[in-house]
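Asker: sequence first, predicted model second:
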Protein chains: 2
Amino acid sequence: MNFLEERIVTDGVVKAGNVLKVDSFLNHKMDIALMERIAKEFKRRFGHKPIDKVLTIEASGIGIAVLVAREFGVDMVFAKKAKSVNLDGDMYVAEVESYTHKKTNRVIVSKKYLSEGDHVLIVDDFLANGCALQGLISIVESADAIVEGCGIVIEKGFQEGGHRIRNLGYHLESLAIIDAMDPETGAITFRQQ
Amino acid sequence: MNFLEERIVTDGVVKAGNVLKVDSFLNHKMDIALMERIAKEFKRRFGHKPIDKVLTIEASGIGIAVLVAREFGVDMVFAKKAKSVNLDGDMYVAEVESYTHKKTNRVIVSKKYLSEGDHVLIVDDFLANGCALQGLISIVESADAIVEGCGIVIEKGFQEGGHRIRNLGYHLESLAIIDAMDPETGAITFRQQ
């Protein structure tokens, strides 16, 4: 097991409905030392690519993305969940279905902050059905920018998102891929990578 | 002018209705080098205090708070905007009125992540009417933890939040305080500190 898988086993809590609670270190309380280690691991895996921008989606992706952008020495942009229906024409928009909250969000990025030819690393904390990540990919491609890779902290390998995005040919790296979890025993099975 | 005030003058955009857009460097695209400088400035101003936790509120506070927590070598907790009315009893809750979106949010922090005697530095990107900051202060005090200070990137000094919170005796440091802005000319007047 790598350092992240060990931490998930120690502090993650498996709940019914395929829910993994990692809010003690990743998405409510944030263990900054662990997150820095995660950021350095993404730098190691994508450091050979000409990345000049990091993109994520609010809210919990922001913490990781700031530290990844810091490792690469580049700026970070976070997509916003649109609060109003009145969007002016200066936005890239994607429709994203939220697994956790069972509703569709519109996700937006200002056209000012993604440009043709940008080399983008997309970063997020979770990948499940892949809707959020596909939304971010479509936004990058709307801007005629290049998706250099997708860095995910925890992938739920038993949902279809990772499979679908790898099949489309994107370079997707997930630091931990969970193939099964058992809410009865709390057991977590990681994919060998 | 300090480095942040200079950046606000260069890249901030004053809009009608006392709106200051800083989304080119602070809350949509994030200039990581600038944010690191901001984090180091908070370390300079609060470094003599025994801070062992940084608290902020999602979403745009998270980026700054991660870098501030990194400077202090401590963990960070971000308060969440409650999505549902069904909150279990394990949460500290505050009602917060949003100036931007004209509605009331419930803001929550799990009781697991704030403990009696914690020495907390509260960090946020903006301070206007002070509702968000007062909500975070009330959450810290509900936990019998200690508010060691409040670090704000940009304070709208012509709104009452900063005045009210300083009057309550809290150590509030704002890196830029705007006393007036003119949407016609774009002129911004900073408070001499």
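Answerer: Nice, thanks for sending it over.

Asker: any residues of chain A in contact with chain B? List them.
Answerer: Residues of chain A lying near chain B by C-beta under 8 Å from any C-beta of the partner chain: A:23-24, A:28-32, A:35-36, A:58-60, A:62-63, A:66-67, A:69-70, A:73-78, A:80, A:83, A:101, A:109-110, A:112-113. (C-beta placed from N, C-alpha, C; glycine too.)

Asker: what about the spatially most central residue of chain A, distance to A:S60?
Answerer: Nearest to the geometric centre of chain A sits A:D124, at 1.6 Å (C-alpha atoms, centre = their mean). For A:D124, the distance to A:S60 (C-beta to C-beta, to the nearest Å) stands at 8 Å.

Asker: chain center to the lengthiest helix in chain A: distance?
Answerer: Counting residues, the longest helix found in chain A (DSSP state H) is helix A:32-46. Distance of helix A:32-46 from its chain centroid, counting by C-alpha atoms, centre = their mean, to the nearest Å, is 13 Å.

Asker: following element in sequence after that helix, please.
Answerer: Once the chain leaves helix A:32-46, the next helix or strand it forms, by DSSP states H and E, is strand A:53-57.

Asker: what's the spacing between A:T189 and A:N2?
Answerer: Distance of A:T189 to A:N2, computed by C-beta to C-beta: 15 Å.

Asker: got the residue ranges for the helices in chain A?
Answerer: A:3-11, A:32-46, A:61-72, A:131-142, A:161-167.

Asker: Serialize those helices to TSV and add fields for mean neighbour count and mean pLDDT.
Answerer: Formatted as TSV, the helices of chain A follow (neighbours: other C-beta atoms under 10 Å in any protein chain shown; pLDDT from 0 to 100):
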stretch	mean neighbour count	mean pLDDT
helix A:3-11	16	98
helix A:32-46	19	98
helix A:61-72	26	98
helix A:131-142	21	97
helix A:161-167	17	98
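
Asker: now those helices as a markdown table including distance to B:I154?
Answerer: Formatted as a markdown table, these follow (distance: least, C-beta to C-beta, whole Å):
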| stretch | distance to B:I154 |
| --- | --- |
| helix A:3-11 | 35 |
| helix A:32-46 | 23 |
| helix A:61-72 | 18 |
| helix A:131-142 | 27 |
| helix A:161-167 | 37 |
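
Asker: list the residues that contact A:S115.
Answerer: A:A143, A:A145 (C-beta atoms under 8 Å, 6 or more residues apart in numbering or on different chains).

Asker: phi and psi next, for it.
Answerer: Phi and psi for A:S115, reported as degrees, to the nearest 10, are phi -120, psi 160.

Asker: A:I178 and A:Q193 touch, don't they?
Answerer: No - using C-beta atoms under 8 Å, A:I178 is not in contact with A:Q193, being 11.8 Å away.

Asker: compare those two (neighbour count), which wins?
Answerer: Applying other C-beta atoms under 10 Å in any protein chain shown to A:I178 and A:Q193 shows that A:I178 carries more neighbours, namely 23 against 10.

Asker: name all residues that make contact with A:L26.
Answerer: A:L34, A:M35, A:S60, A:D125, A:V153, A:I154.

Asker: repeat that with 6 Å
Answerer: A:D125 (C-beta atoms under 6 Å, 6 or more residues apart in numbering or on different chains).

Asker: gap between it and B:H48?
Answerer: Taking C-beta to C-beta as the measure, A:L26 falls 31 Å from B:H48.

Asker: again with A:E58
Answerer: Counting by C-beta to C-beta, the gap from A:E58 to B:H48 is 33 Å.

Asker: which regions of chain A sit below the pLDDT cut-off?
Answerer: Applying pLDDT under 70 to chain A flags residues A:84-89, A:99-101.

Asker: the same query, at a cut-off of 50, please.
Answerer: Within chain A, no stretch has pLDDT under 50.

Asker: residues near A:G151, how many?
Answerer: The number of residues packed near A:G151 is 26, by other C-beta under 10 Å.

Asker: for it, name its beta-bridge partners.
Answerer: A:V123, A:E173 (DSSP bridges).

Asker: same deal with the one 5 residues further on?
Answerer: Residues in a beta bridge with A:K156, per DSSP bridges, are A:I178.

Asker: pretty sure it is touching A:A128, no?
Answerer: Yes - judged on C-beta atoms under 6 Å, A:K156 makes contact with A:A128 at a distance of 4.6 Å.

Asker: alpha carbons only: can I get stretch A:1-9 in CSV?
Answerer: These are the backbone C-alpha positions of stretch A:1-9, laid out as CSV (Å, rounded to 0.1, in the frame of the first residue of the first chain):
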residue,chain,number,x,y,z
MET,A,1,0.0,0.0,0.0
ASN,A,2,1.2,3.5,-0.7
PHE,A,3,1.0,6.3,1.9
LEU,A,4,-2.4,7.4,0.8
GLU,A,5,-3.9,3.9,0.8
GLU,A,6,-2.5,3.4,4.3
ARG,A,7,-4.1,6.7,5.5
ILE,A,8,-7.5,5.7,3.9
VAL,A,9,-7.4,2.3,5.8
